[in-house]
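>>> Generate coordinates for the sequence data below:
(10 chains)
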10 protein chains.
Amino acid sequence: MSLIQLIYTSTVSETFEEKDLTAILASAKKANAEANITGLLCFDGNFFMQCLEGDRSQINATYAKILSDKRHQALELLAYSTIDKRSYSQWEMGLVPKAALSRPLNLLYTASGLFEPYSMSAASAAQFLRALRNAMPLL
Amino acid sequence: MSLIQLIYTSTVSETFEEKDLTAILASAKKANAEANITGLLCFDGNFFMQCLEGDRSQINATYAKILSDKRHQALELLAYSTIDKRSYSQWEMGLVPKAALSRPLNLLYTASGLFEPYSMSAASAAQFLRALRNAMPLL
Amino acid sequence: MSLIQLIYTSTVSETFEEKDLTAILASAKKANAEANITGLLCFDGNFFMQCLEGDRSQINATYAKILSDKRHQALELLAYSTIDKRSYSQWEMGLVPKAALSRPLNLLYTASGLFEPYSMSAASAAQFLRALRNAMPLL
Amino acid sequence: MSLIQLIYTSTVSETFEEKDLTAILASAKKANAEANITGLLCFDGNFFMQCLEGDRSQINATYAKILSDKRHQALELLAYSTIDKRSYSQWEMGLVPKAALSRPLNLLYTASGLFEPYSMSAASAAQFLRALRNAMPLL
Amino acid sequence: MSLIQLIYTSTVSETFEEKDLTAILASAKKANAEANITGLLCFDGNFFMQCLEGDRSQINATYAKILSDKRHQALELLAYSTIDKRSYSQWEMGLVPKAALSRPLNLLYTASGLFEPYSMSAASAAQFLRALRNAMPLL
Amino acid sequence: MSLIQLIYTSTVSETFEEKDLTAILASAKKANAEANITGLLCFDGNFFMQCLEGDRSQINATYAKILSDKRHQALELLAYSTIDKRSYSQWEMGLVPKAALSRPLNLLYTASGLFEPYSMSAASAAQFLRALRNAMPLL
Amino acid sequence: MSLIQLIYTSTVSETFEEKDLTAILASAKKANAEANITGLLCFDGNFFMQCLEGDRSQINATYAKILSDKRHQALELLAYSTIDKRSYSQWEMGLVPKAALSRPLNLLYTASGLFEPYSMSAASAAQFLRALRNAMPLL
Amino acid sequence: MSLIQLIYTSTVSETFEEKDLTAILASAKKANAEANITGLLCFDGNFFMQCLEGDRSQINATYAKILSDKRHQALELLAYSTIDKRSYSQWEMGLVPKAALSRPLNLLYTASGLFEPYSMSAASAAQFLRALRNAMPLL
Amino acid sequence: MSLIQLIYTSTVSETFEEKDLTAILASAKKANAEANITGLLCFDGNFFMQCLEGDRSQINATYAKILSDKRHQALELLAYSTIDKRSYSQWEMGLVPKAALSRPLNLLYTASGLFEPYSMSAASAAQFLRALRNAMPLL
Amino acid sequence: MSLIQLIYTSTVSETFEEKDLTAILASAKKANAEANITGLLCFDGNFFMQCLEGDRSQINATYAKILSDKRHQALELLAYSTIDKRSYSQWEMGLVPKAALSRPLNLLYTASGLFEPYSMSAASAAQFLRALRNAMPLL
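Numbering: from 1, shown residues only, chains lettered A, B, ... in the order given. This is a model prediction of the structure:
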């Protein structure tokens, strides 16, 4: 049983509504608690960027479900690797406050100063998420 | 546009027939030629192990389609990484002859001497495929 | 005379009782004091995970005795290596309190969040034990 | 399922006879073929040095049986490690001809010029066995 | 979209006046804010040394415009490289106070103790600018 | 006087004609011979990719002239670095035959299999040019 | 004139008496002060372990004298190497208090928990002496 | 213009007098200020050891003058290398107080405990001077 | 006695004549044979570049004499370092044929394609001389 | 039992005669064969340089005997280290022919071109002996 970390990005669907985010988080937390998956979710109203870590089979099954969820589209894997130790073990699914995706943070890692996860490499996506985690209040 | 290499494994569905493999290869070659994807496919009658390399968006779109193909099930990503140079540029989708998945080759990399791709790490899957490629006749 | 560190895991036998643990510890401490063996023992009621360090001959003789002890079964070596310096010199046989084998600690190193020593690699077993040692009160 | 390589040494028991070696080899080959274990055995009439590689559980079960075999005694593990690729996949249990354990070979690796496996480190035992393998005729 | 850092040096034109510097900074800040370029400018009355960081296309377009600006001449690139993270994200175009280009600072990095950017290597130009940045008050 | 290697890419202007390439090469060879610049030029009818190596001042003066040449547009630096030894010392300006920019070569380094120099990193541009050089007949 | 560090061990002779140690130290300090040799001496009543550092010729002449001193026997060099900087410059011949050769310290570096210098490697002897030095009160 | 650090040693001439040192320092400071040379001078009444850093031509011209100065003899270069950053930028020519060349300091780096610069390697001369600099009061 | 390699460059004096070179070589060979110095000399009619290797004192004494030789001027050390093994042991003073200082060789290492030793770094001077040595016929 | 390599040098005593060398070799070979020591001896009529390799205790006992042998004097250890594999296993005590200690060989490693073992570092002594071994005819 190897431990895997997966990071993907996606684009919100046109019919997405505010309450959908609440629903996504609630069901993600429930399913992740059962599957021993932990992780972090960023959403700026337009793009999602999510990190999932846990058992390889569970991560793959969860990603397959996420791929068929109509609330977002154009999913792309940014990173997928075996890890020794989780980075987000404190959250069944932590939500990064939208305000944390600020221009000063984005400007450090991107050319545009915007939150543009599709243009991120695997390494910069992982760095960006760790920077966000370090700024998160613990539950 | 970054170049990505993806390796996954899966299990054949119960209704899979001989002619399905021919159909898979034919449509994969056609789709890959259009999407500039190259790669290699192993199938021992029970498990698939496939490597795809090409543009990140194309690889993700292709993998999403493969995930929903009912001819196989239990897909798991073994490896996903950015590469500098392709390893399988000569094949739109090369098919490893079933005879090449021999006990002597498997015994070098696995405990059982069988073709058991679910038990392979990312590194050993990549090594195993390169060993197969080096033994393949060129087209 | 080289210094060796050995880590194994095993499963409690069906007839194991509470008092057996006390007996194991008492006799281990006595035998280890004579053989200059030091180490740490984890037991969650189901699995044992034990680290022994000392002279190679003594470690081998001790492990041979442990292998034939009917109070546990399915012994598997997780790690065996030459060391420069002991890590557990303060304990003839320290007992990790069951409560220390908590979900938060396990979740950092395993996919399930449970204490599953059979699924651990040599490196993660050694890291897990050091994390436990660092949290142990000194004698 | 991880691949393990184990090397141990032992001393022949006083009642050991020529025919015992034939019996050991025959039963080892049979059991190893079933357990997908491969390896090499050295015996100079006095000391055994054996390498076993295969699935971790199988290697542990086999070593437990070897430990209780009365035809030898004073077993000591020299090396135990996870490997990527087997080194002795061509032999269910190869027997190093006694003549190969020569003074010139031993002199390169030991102070005495004799076959003294108990004085070998894990690294030199592994090197010594590979040197023997490279000089073995293939089956 | 890759992030680029470019450092160049140039010589003031003969007709350059005090107020030209104010104009350069004002228009640079405006243009850089639009193009998401950040950076630092040194000017000792004789030589300019400027660092620009941002999107590759934007940096190239900006440098092409700078090359045709008659207020300076003899432009030479000192450094041009892909970066992971910006170093000057707090300034649309920071101006190093002339007094900071002191003999003690210059003496550490140059043979003459003067501000002689044409004689600097890529590495020493980058080090020199970081030393200046670290001594700058934040806006 | 440091030795510099510069690689840029650009797009042919709409009014570019066959004979312009001949003129560019002739005047480049003449100017480079005077300035001790050596290098290589690729042109597929659409994009230019050129490497220049020589004295830093000369390289900068030459690049400034190239930037203002109306026969191409959208110039972007791909790489600029100090070198110990030239790679193209045999050519005042070698021209890579258009046929050498083949799909098999491009497929090894790019996602599309096309000659798309704007999408190349500094490292892959330098590797790609060396691969072309190694396949060039000597003058 | 190169600087050398030599570490040897030896066994006390049967006729050795308490006062011999005082005599050894007194004459060593006198001779070392003349020869600019510095060092450290351990003695547990049974074994000596001594480190000498200084000029190569002086160290060799001193060791030759020590070899023929009848108050100890079975001398073995543990380490001999060129050094950049002395480690024991504060002592013409420091004496490690017998109590410092404690079971807890020995247990960290040896299998037996006893002071057994003959079983030490060059590296562990040097580490062991530095640990003792760091615990010594300065003169 | 590359930055050079040169260390040499020499022996005082027989006719050298106390006041000569004052004269050497005064003229060195004046000449070095003009040539932008910085450095450090040690003199124990017998040997000189001096470090000079600055422009290569200036360092060579200065060393040529020093070589023909009759107040010392037997000059030998200990070290000559290109540096990125000066180590002695605060002194046009700092004078190490004779008392700083103490037996404890010398004993750390030499076999004799004396100031014997001719026996020093390039590396130990540079380390020795930095240790002296770190102990110097700033001007 | 450490082995030193010294490389310097210089400019011919105005009164230098053809026969002076013959005289320099003859006396250098004689003096070097006595001092066990070996080396290589380049001369293009304008600049000298010479490598000397041997005992540190001898190299320093020889260089002091060379510095005061009126047949050349503007001497600058390019490199001075301790070596393990000589590179020019076959020549008391080898003379590089003027024709070997060709434009193709110079172009590989310099911006101008000319023999300009003053612009060479220590590393490139040493590389350049080794390239010449490898092309020299043995005596 | 660790394997040790020791290299020392010494000076012939005044009363040494030709036949003494024959006697030394004969008794060394006999004693070494018993102690499983192998090695090489150089003698130029003035200095000895000898390498011994084997069991640590045996090497120390042998060196103690050599130290008290009146046929040479001024013994100095050049090197003493633990080895993995012998370098001179083919000789109980090989004698380097005096003619092999030639000026060309010595000139590569020493400043004087003479056989001067006292001036050699541990590293150059070991290199020098290996160069001699490689030129020796096998027995």
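
>>> partners of the residue in chain A positioned nearest to chain B in the sheet?
Taking CB to the nearest CB as the measure, chain A has residue A:80 as its residue closest to chain B, at 3.9 Å. C-beta here means a position set from N, CA and C on the backbone, and glycine is covered the same way. Beta-bridge partners recorded for residue A:80 (DSSP bridges): residue A:6, residue B:80.

>>> now residue A:51
residue A:7, residue A:40.

>>> burial count for it?
Using other CB atoms under 10 Å in any protein chain shown, residue A:51 has 26 other residues around it.

>>> Just list the residues touching it, thanks.
By CB atoms under 8 Å, 6 or more residues apart in numbering or on different chains, residue A:51 lies in contact with A:5-7, A:39-41, A:87-88, A:129.

>>> 7 Å instead?
Going by CB atoms under 7 Å, 6 or more residues apart in numbering or on different chains, residue A:51 touches A:5, A:7, A:39-40, A:88, A:129.

>>> Dump the residues you listed to CSV, plus distance to residue I:32 and pLDDT.
Shown next, in CSV, are the contacts of residue A:51 (distance: CB to CB, whole Å; pLDDT from 0 to 100):
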residue, distance to residue I:32, pLDDT
A:5, 66, 97
A:7, 67, 98
A:39, 73, 96
A:40, 72, 96
A:88, 70, 95
A:129, 66, 95
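
>>> any low-confidence regions in chain A?
A:1, A:138-139 (pLDDT under 70).

>>> now with 80?
Residues of chain A that meet the criterion pLDDT under 80 lie in A:1, A:137-139.

>>> Closest residue of it to chain I?
Chain A approaches chain I most closely through residue A:123 (32.4 Å), counting by CB to the nearest CB.

>>> tell me the SS of that residue?
Classification of residue A:123 using DSSP: H, G, I helix; E, B strand; the rest coil returns helix.

>>> again with residue A:31
Here residue A:31 is helix, with the state taken from three-state DSSP.

>>> For burial, what's the neighbour tally of the residue of chain A closest to chain B?
Neighbour count for residue A:80, taken as other CB under 10 Å: 23.

>>> Check whether it really touches residue A:2, as I assumed.
No - if you go by CB atoms under 7 Å, residue A:80 and residue A:2 don't touch, sitting 11.8 Å apart.

>>> contact partners of stretch A:76-84?
Applying CB under 7 Å, 6+ apart, the external contacts of stretch A:76-84 come out as A:2-9, A:53, A:118, A:120, A:122, A:125-126, B:56-57, B:60, B:77, B:80, B:121-122, C:124.

>>> Now stretch A:9-22: buried residues?
Neighbour-count burial for stretch A:9-22, counted by 16 or more other CB atoms under 10 Å in any protein chain shown, picks out A:9-12, A:16, A:21.

>>> Next: stretch A:125-139.
For stretch A:125-139, a neighbour-count test (16+ other CB under 10 Å) marks A:125-129, A:132-133, A:136 as buried.

>>> Just the CA atoms of it, as CSV, please.
Output in CSV follows, covering the C-alpha atoms of stretch A:125-139 (Å, rounded to 0.1, in the frame of the first residue of the first chain):
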residue,chain,number,x,y,z
ALA,A,125,2.1,23.7,-7.9
ALA,A,126,3.4,21.7,-5.0
GLN,A,127,5.4,24.8,-3.7
PHE,A,128,2.4,27.1,-4.1
LEU,A,129,0.1,24.7,-2.1
ARG,A,130,2.7,24.4,0.7
ALA,A,131,2.9,28.2,0.9
LEU,A,132,-0.9,28.3,1.2
ARG,A,133,-0.9,25.5,3.8
ASN,A,134,1.7,27.3,6.0
ALA,A,135,-0.6,30.4,6.0
MET,A,136,-3.7,28.4,6.9
PRO,A,137,-5.1,28.5,10.4
LEU,A,138,-5.3,25.0,11.9
LEU,A,139,-8.7,23.5,12.4
